[in-house]
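1. take this sequence and fold it.
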Amino acid sequence: MAMENLAQAVERLAAAGYQDDFRAERGGLRALRTGRIHEPELLIIDEVVRFEGATDPDEEAAVFALNSEMYGTKGTYVVSYGIYVDPFDAVMVRRLTDGRRRA
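-> From the prediction side, this is the model:
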């Protein structure tokens, strides 16, 4: 069975109801459809799909399927990782995963 690529993972998650897109901002993760900024610690991580570049570190990425039960928002957050991670993304991923450990 062939592994899915990044676009296929996002399409699969969108078909499963993860319709919004999250982007890192200074205050948290903004859901682009609603414009609402969410505290990462309050979002539920339903799934994480990692992609590792076999020969190119630029291809390392992760897709987070996120759920805000409080606001009924489900969406994906795509982030590069490794040495090329954006500083805001690094902070948000840390906040997402730290919040998950406390739950």
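2. how much space separates Asp86 from Ala16?
-> Using CB to CB, to the nearest Å, Asp86 is found at 26 Å from Ala16. (Each C-beta comes from the backbone N, C-alpha and C, glycine too.)
3. same check on Arg26?
-> For Arg26, the distance to Ala16 - CB to CB - is 30 Å.
4. could you pull out the helices for this protein?
-> Ranges of helices within the chain are 6-15, 87-102, based on DSSP state H.
5. which one, of these, ends up nearest to Pro40?
-> The closest of the helices of the chain to Pro40 is helix 87-102. By CB to CB, the value is 3.8 Å.
6. in the closest one, what's buried?
-> 89, 92-93, 95-96, 99 (16 or more other CB atoms under 10 Å).
7. redo these as a markdown table? Include pLDDT and distance to Met3.
-> Below are the buried residues of helix 87-102 laid out as a markdown table (pLDDT from 0 to 100; distance: CB to CB, whole Å):
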| residue | pLDDT | distance to Met3 |
| --- | --- | --- |
| Asp89 | 93 | 23 |
| Met92 | 94 | 26 |
| Val93 | 92 | 22 |
| Arg95 | 93 | 28 |
| Leu96 | 92 | 24 |
| Gly99 | 60 | 29 |
